[in-house]
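A.B. asks: Any chance you could fold what I've pasted below:
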Amino acid sequence: MAKVVIIGGGWAGCAAAITAKKAGADVEIYERTDMLIGLGNVGGIMRNNGRYTASEESILLGAKELFEITDQCSRHKNLDFPGHKHASLYDVTLVEPKVRNLLKSIGIKLHFQSRVVDVVKEGSEIKGIKLHDNTIVGGDVFIETTGSTGSMGNCLKYGNGCAMCILRCPSFGPRVSISHKAGVEDILGQRKDGSYGAFSGSCKLNKDSLSKELRDKLNKKGVVILPLEQEDINHDKLSMKVCQQYALSEYAENIILLDTGHAKLMAPFYPLEKLRKIPGLENARYEDPYAGGVGNSIRYLSIAPRNNNMRVKNIDNLLCAGEKAGLFVGHTEAIVTGSLAGHNSVRLFLGMPLLELPRNLASGDLIAFANEEVTSDDGLMRRYTFAGSDYFSRMKDLDLYTTDTKVLENKIYRLNLLSIYNDKLL
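C.D. replies: Residues are numbered from 1 along each chain as shown. Presented below is the predicted three-dimensional model:
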């Protein structure tokens, strides 16, 4: 039996665990906090624009489980808001327990408050990971899905300070780059001004702190757009967002709220005093980050160089996924890369050729294209998502974007990849 050890229990880590388990591995997740799905606990947007295509591709490849959960928990479906069509908004207060129960039910071992701080390595192979309490955990194949957000020091250095986001670095300790500990130099994303990282793209308001009229409208419609006074419009703030698919003028000229259980405010941060000047938000209070009037988490400071099969370069038995694997934005992108890494962990153990998703699938093209782009200075300043910005335009140009699941099924069938993640290899 292959033992696959996953460092990080966000969307990518959970997706990797499921496909590795289905391929026949004994799977354990080590998560430094007390919850799974990471930023998924404050995210909530699925199936918007090209993410619909990528979701259906993953389902057809055999990675349906996490998409089924987010679909089941969606408060709104087929929702349009500025720059985005046919989105689903899942309830962030419901999803994590369902993911936890799913993983437990299929025999994946979960270790919470287990921060990985180092590796035990022989040559170019990892033999084990070291936990914060000095426990050594051995394994055959390791998958790093630690993300790229934080640690607290990075938010202080590159942002406006720790705003106490959902990742709660002060409570559970900082993220540690396992690839770096294994001797691989990390890649850092940049901003247009040459500084590193990028702000998370949204905040969450306590919905009960909104006026009743605004709250009722948000619950019913799923989206509320509140125009700003001319003096409060700032287009420059769009460039600091990690989520460039929302870097549209509408997001500078309006307050845009989405209903994800919380009221999702589509801005990296917004001064509380200015926010409370807006009708309906006179009593607004931040839910995440707690200091959302000042700042948000800093991301894209720890990317591992990898191949298109998700294997980390120069380490024999380490794969990566999610933001650790590239300048990716979004839950769908994390699930896509995690599912591939998990499946390939068992192939790697068996000495089989590793799967690369072909580039006539949006999923395969995103993985390969983002990998090419990080080799250039300009590419380090971009973010890659099925949902918008440069990559969604590329999807449409290459005719990879479709909401027709039958077209996708026929394509994946012809590629002989239908349900490949369901193959038991061990």
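A.B. asks: tell me which residues in stretch 25-40 are buried?
C.D. replies: Using 16 or more other C-beta atoms under 10 Å as the test for burial, stretch 25-40 gives 25-33, 35-40. Glycine gets a C-beta too; all of them are placed from N, C-alpha and C.
A.B. asks: repeat for stretch 165-176
C.D. replies: So, applying 16+ other C-beta under 10 Å, buried residues of stretch 165-176: 165, 166, 167, 168, 169, 172, 173, 174, 175, 176.
A.B. asks: Over to stretch 88-96?
C.D. replies: Result for stretch 88-96 [16+ other C-beta under 10 Å]: buried residues 88, 89, 90, 91, 92, 95, 96.
A.B. asks: Show the residue spans covered by the helices in the chain.
C.D. replies: 11-22, 50-61, 65-72, 95-105, 152-158, 169-172, 178-181, 212-221, 250-253, 272-275, 331-350, 362-373, 389-397, 405-414 (DSSP state H).
A.B. asks: And the lowest-mean-pLDDT helix or strand in the chain, what's buried?
C.D. replies: Every helix and strand of the chain was ranked by mean pLDDT, DSSP states H and E. The lowest is helix 250-253, at a mean of 85. Across helix 250-253, burial judged by 16+ other C-beta under 10 Å covers 251, 252, 253.
A.B. asks: Take these and lay them out in TSV including distance to residue 19.
C.D. replies: Shown next, in TSV, are those (distance: C-beta to C-beta, whole Å):
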residue	distance to residue 19
251	35
252	40
253	42
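A.B. asks: Residue 68: neighbour count?
C.D. replies: 12 (other C-beta atoms under 10 Å).
A.B. asks: residues in contact with it?
C.D. replies: For residue 68, the contact set (C-beta atoms under 8 Å, 6 or more residues apart in numbering) is empty.
A.B. asks: Next one: residue 244, what pLDDT does it get?
C.D. replies: pLDDT recorded at residue 244 is 52.
A.B. asks: ugh, wrong one, residue 79
C.D. replies: pLDDT for residue 79: 97.
A.B. asks: same thing with residue 369?
C.D. replies: Value for residue 369, per-residue pLDDT: 97.
A.B. asks: Then the one 5 residues further on?
C.D. replies: Taken from the predicted model, the pLDDT recorded for residue 374 is 90.
A.B. asks: Thought residue 188 was touching it, still the case?
C.D. replies: No. Using C-beta atoms under 8 Å, residue 374 is not in contact with residue 188, being 9.9 Å away.
A.B. asks: okay, and the common contacts of the two?
C.D. replies: Shared contacts of residue 374 and residue 188, defined by C-beta under 8 Å, 6+ apart, comprise 303, 380.
A.B. asks: hang on, the earlier thing: reformat the helices of the chain as a markdown table; add distance to residue 318.
C.D. replies: Listed next are the helices of the chain as a markdown table, based on distance: least, C-beta to C-beta, whole Å:
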| stretch | distance to residue 318 |
| --- | --- |
| helix 11-22 | 12 |
| helix 50-61 | 23 |
| helix 65-72 | 23 |
| helix 95-105 | 21 |
| helix 152-158 | 22 |
| helix 169-172 | 23 |
| helix 178-181 | 7 |
| helix 212-221 | 43 |
| helix 250-253 | 37 |
| helix 272-275 | 43 |
| helix 331-350 | 9 |
| helix 362-373 | 16 |
| helix 389-397 | 26 |
| helix 405-414 | 28 |
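A.B. asks: With respect to residue 129, which of the ones you listed lies nearest?
C.D. replies: Evaluated over the helices of the chain, closeness to residue 129 peaks at helix 178-181, with 7.1 Å, by C-beta to C-beta.
A.B. asks: And that closest one, what does it pack against?
C.D. replies: strand 116-122, strand 141-144, strand 318-320 (3 or more C-beta pairs under 8 Å, 6 or more residues apart in numbering; DSSP states H and E).
A.B. asks: Format those as JSON lines; extra columns: mean neighbour count.
C.D. replies: Converted to JSON lines, the helices and strands packed on helix 178-181 look like this (neighbours: other C-beta atoms under 10 Å):
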{"stretch": "strand 116-122", "mean neighbour count": "17"}
{"stretch": "strand 141-144", "mean neighbour count": "32"}
{"stretch": "strand 318-320", "mean neighbour count": "31"}
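A.B. asks: Tabulate the ones you listed (JSON lines), appending mean pLDDT.
C.D. replies: Shown next, in JSON lines, are the helices and strands packed on helix 178-181 (pLDDT from 0 to 100):
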{"stretch": "strand 116-122", "mean pLDDT": "98"}
{"stretch": "strand 141-144", "mean pLDDT": "98"}
{"stretch": "strand 318-320", "mean pLDDT": "98"}
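A.B. asks: With respect to residue 291, which of the ones you listed lies nearest?
C.D. replies: Using C-beta to C-beta, the nearest of the helices and strands packed on helix 178-181 to residue 291 is strand 116-122, at 26.9 Å.
A.B. asks: in its sheet, what does the closest one sit against?
C.D. replies: With DSSP bridges as the test, strand 116-122 is paired with strand 125-131 (antiparallel).
A.B. asks: Any chance you could list what contacts the strand it pairs with?
C.D. replies: Applying C-beta under 8 Å, 6+ apart, the contact partners of strand 125-131 are 5, 7, 30, 114-121, 136-139, 142, 178, 182, 315-318.
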